[in-house]
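Engineer: Pasting a predicted model and its sequence here:
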Amino acid sequence: MKVAILSFTPKGALLQNRIITKFNYEFIVFDLEKNQIKKWLEKVFYQCDAIIFIGAAGIATRLISTLLKGKDVDPGVLVMDELGKYVIPILSGHIGGSNELSIEISEKINATPIITTATDLNEKFAVDLWSKKNNCKIEDISKIKYISSAVLRDELIGFYSDFEIIGKLPNEIIKIDSPESRIENGICVSLNPNLFPFKNTINIIPQVITLGIGCKRGTKAVELEKFILEELDKKKISLKSIVGIATIDLKKDEEGLLEFAKKYNLEIVFYTKDELNEVEGDFTGSEFVKSITGVDNVCERSCILKSSGELIAKKNSKNGMTLAIARNYWGCKF
């Protein structure tokens, strides 16, 4: 976990050092003598998982106000007084993890966490927190308000899932077996971002998809992107479900592939032909591909190897590009 931390007074600096010694995080420390605070914040803000301000909440609010993009991407931001009496998460309490971090810090330094999110205060189910803990993405974060508001009104929330449910559902939730329901507000857990079982549906997308990709030398990123997005759309799979890309090590310098991965912030893993040949399964083999790469199928073998799951879409080809899709084993945990 990478955490930026900054203080403005001698007492604040003492508290800062105390926090740094108590946590095994990667800290980026602001140096008042060497850096201009606004430029420093612009540089580190989206490099970090959390930002800790030791000082007045008003100062922190003004400094971050122009940097915010959205609750699904903003880091968690905490404010602490210089005496270490209070720890206040002021941004991204659930998805960004600042509520959880504030409690963790408070326990270590004997401070009081000031949690202001209504679902936490009322000890109610929070869909954004559940989504994060289950390694999912929310397709449209503006829908969070419908679920949270209904929960706080003590209304039952519908829950439809294409995946196994593990554990006992919270009291606020009722399971729906059909993708059509009369319940007004509900949660839909599916790879399909366009499935709306409820009037106000929040689509939760498990991050369980690995793409196995092959392409001819010199394939442009725009061509690869168009091909992949079209295939995902045909199969009703959200782009947000993708956890990474796998291919053969011969593609380590393939600019189009690297550019696509960078654009969507996707991890890309390269395997040797020997590693791919060891993967067991029924694959769509090609003697031509084998003559070039030393393995009969790159896309199917590589995505299975990375995901350790199941192949849900075998090789599809277009203009020298190939794509296969694997899904990790996953369930909705409560």
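Structural biologist: In hand now; what should we look at?

Engineer: need the helices for the stretch 1-150 of the chain, in chain order.
Structural biologist: 10-22, 37-44, 57-64, 98-109, 118-121, 127-133, 144-152 (DSSP state H, counting those that start in this stretch).

Engineer: Residue 285: what's it in contact with?
Structural biologist: Residue 285 makes contacts with 296-297, as judged by C-beta atoms under 8 Å, 6 or more residues apart in numbering. Any C-beta I mention is one placed from the backbone N, CA and C, and that applies to glycine too.

Engineer: if I look at it, how far off is residue 300?
Structural biologist: 9 Å (C-beta to C-beta, to the nearest Å).

Engineer: likewise residue 177?
Structural biologist: 33 Å.

Engineer: Ends of stretch 4-13, what's the gap?
Structural biologist: Length of stretch 4-13, first residue to last, C-alpha to C-alpha, to the nearest Å: 14 Å.

Engineer: Any idea how far it is from the middle of the chain?
Structural biologist: Mean-position distance between stretch 4-13 and its chain equals 30 Å (C-alpha atoms, centre = their mean, to the nearest Å).

Engineer: which residues touch that stretch?
Structural biologist: With contact meaning C-beta under 8 Å, 6+ apart, stretch 4-13 is reached by 15-16, 19-20, 27-30, 32, 37, 40-41, 44-45, 47-48, 50-55, 59, 82-83.

Engineer: returning to what we had before: for the helices of the stretch 1-150 of the chain, please prepare CSV with the additional fields distance to residue 216, mean pLDDT and mean neighbour count.
Structural biologist: CSV is the format used below for the helices of the stretch 1-150 of the chain (distance: least, C-beta to C-beta, whole Å; pLDDT from 0 to 100; neighbours: other C-beta atoms under 10 Å):
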stretch, distance to residue 216, mean pLDDT, mean neighbour count
helix 10-22, 50, 95, 15
helix 37-44, 39, 94, 14
helix 57-64, 46, 94, 15
helix 98-109, 46, 95, 19
helix 118-121, 51, 90, 15
helix 127-133, 38, 95, 20
helix 144-152, 43, 95, 18
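
Engineer: As JSON lines, these with distance to residue 194 would be great.
Structural biologist: Converted to JSON lines, the helices of the stretch 1-150 of the chain look like this (distance: least, C-beta to C-beta, whole Å):
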{"stretch": "helix 10-22", "distance to residue 194": "45"}
{"stretch": "helix 37-44", "distance to residue 194": "36"}
{"stretch": "helix 57-64", "distance to residue 194": "34"}
{"stretch": "helix 98-109", "distance to residue 194": "31"}
{"stretch": "helix 118-121", "distance to residue 194": "27"}
{"stretch": "helix 127-133", "distance to residue 194": "18"}
{"stretch": "helix 144-152", "distance to residue 194": "17"}
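
Engineer: among the ones you listed, which is nearest residue 205?
Structural biologist: Minimum separation from residue 205 across the helices of the stretch 1-150 of the chain (C-beta to C-beta) falls at helix 127-133, 8.7 Å.

Engineer: Check the offset of that closest one from the chain's centre.
Structural biologist: 11 Å.

Engineer: Any chance you could list what contacts that helix?
Structural biologist: Applying C-beta under 8 Å, 6+ apart, the set of residues contacting helix 127-133 is 71, 94-95, 97, 99, 119, 137-138, 141, 144, 147-148, 187, 202, 204, 333-334.

Engineer: quick one: which of those sit in strands?
Structural biologist: Using DSSP state E, 137-138, 187, 202, 204, 333 are the members of the contacts of helix 127-133 that sit in strands.

Engineer: and of the helices of the stretch 1-150 of the chain, who's closest to residue 171?
Structural biologist: Nearest of the helices of the stretch 1-150 of the chain (C-beta to C-beta): helix 144-152, 10.1 Å.

Engineer: Apart from its chain neighbours, what residue comes closest to residue 67?
Structural biologist: Nearest non-adjacent residue to residue 67, counting by C-beta to C-beta, 6 or more residues apart in numbering: residue 45, 5.0 Å away.

Engineer: so who does that neighbour touch?
Structural biologist: Here residue 45 is in contact with 4, 51, 64, 67, 75 (C-beta under 8 Å, 6+ apart).
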